[in-house]
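# make a model of this:
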Amino acid sequence: VTGLARVDRRADAVVRRVGPGDIAVFDQVDLDRRTADALVAAGVAGVVNAAPSISGRFPNLGPEILVAAGIVLVDGVGAEALRIKDGTRLRLHEGRIHVGETELGHGVEQTANSIADLMIEAKSGLSTQLEAFSANTIEFLRHERALIIDRVGIPDVEVPIRDRQVLVVAAGYNHTTDLAALKHFIREYQPILIGVEAGANALHA
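Here you go, the predicted model:
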């Protein structure tokens, strides 16, 4: 498979720039379904992921969607993937990344069978994650009991919130586009706007 490289560390940034026949290059552990659907819709020829597309922490559908659509997926390439220059014409063959005859790096070319094996492992890893999550939740409830149950330590907010709509914005796939789509709702209902990390920057912009 050959195509022009569209490179960015963040998958959501690459998704906005790829077109038919391109090769998307990014760094995302556990490739999610939403990103995969967007890459399929864009018509990419291949995907190079610096990170493992399935880490084993939990079952994620992104890799399966790409491979089922006939898109070549090479993952676990490492940091050298992000050193590829944007716009370079790449050739992907058996997990190896070439420019002309020069090999730039290599990873694992995922197939339907390899993904099925990884998903079996991921399903067992999910139970471990759920156990850890449950333990963390119990510890959090114990530690923050006074705040959650007795409401001791909740900060006073000068902005009146009672009986008002609240819109919470957190960074995610296409979150700026989603926010723009809500401008009529925001104008009509004048909700309280709460920005979480990069979501605050989107609200400010």
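# what's downstream of the one helix or strand in the chain whose mean pLDDT sits lowest, the next helix or strand?
Here the helix or strand of the chain ranked lowest by mean pLDDT, DSSP states H and E is helix 145-148, holding a mean of 83. With elements assigned by DSSP states H and E, the helix or strand that comes after helix 145-148 is strand 166-170.
# from the middle of its chain, how far away would that following strand be?
19 Å (CA atoms, centre = their mean, to the nearest Å).
# okay, now the sheet partners of it, with direction.
In the sheet, strand 166-170 lines up against strand 192-196 (parallel) (DSSP bridges).
# and Gly70, how far from Val47?
According to CB to CB, to the nearest Å, Gly70 stands 12 Å off from Val47. Bear in mind the C-beta positions are built from the backbone N, C-alpha and C, glycine included.
# those two: who's more crowded?
Val47 (30 against 9; other CB atoms under 10 Å).
# doesn't that one fall inside a strand?
Yes. Under DSSP: H, G, I helix; E, B strand; the rest coil, Val47 sits within a strand.
# wait, isn't it in contact with Leu73?
Yes. Between Val47 and Leu73 there is a contact under CB atoms under 8 Å: 4.9 Å.
# overlap in contacts, the two.
Here Val47 and Leu73 have Leu66 as joint contacts, going by CB atoms under 8 Å, 6 or more residues apart in numbering.
# any weak-confidence spans in this structure?
For the chain, residues meeting the criterion pLDDT under 70 lie at 173.
# longest helix of it?
Across the chain, the longest stretch assigned as helix under DSSP state H is helix 112-143.
# so how far is it off the chain centroid?
Its chain's C-alpha centre and that of helix 112-143 lie 18 Å apart, by CA atoms, centre = their mean.
# now do the buried residues in that helix.
Buried positions in helix 112-143, judged by neighbour count with 16 or more other CB atoms under 10 Å: Ile115, Leu118, Met119, Ala122, Gly125.
# how close does the residue lying farthest from the centre of the chain get to His143?
In the chain, the residue that sits farthest from the middle, by CA atoms, centre = their mean, is Asp150; the gap is 36.6 Å. Per CB to CB, Asp150 is found 13 Å from His143.
# please apply the same query to Ala170.
23 Å.
# give me the neighbour count for Ala5.
Other residues close to Ala5 by other CB under 10 Å number 23.
# for the nearest residue to His175 once chain neighbours are set aside, give me its contacts.
Nearest non-adjacent residue to His175, counting by CB to CB, 6 or more residues apart in numbering: Ala202, 6.2 Å away. Ala202 makes contacts with Val169, Ala171, His175, Thr176, Leu179, Gly195, as judged by CB under 8 Å, 6+ apart.
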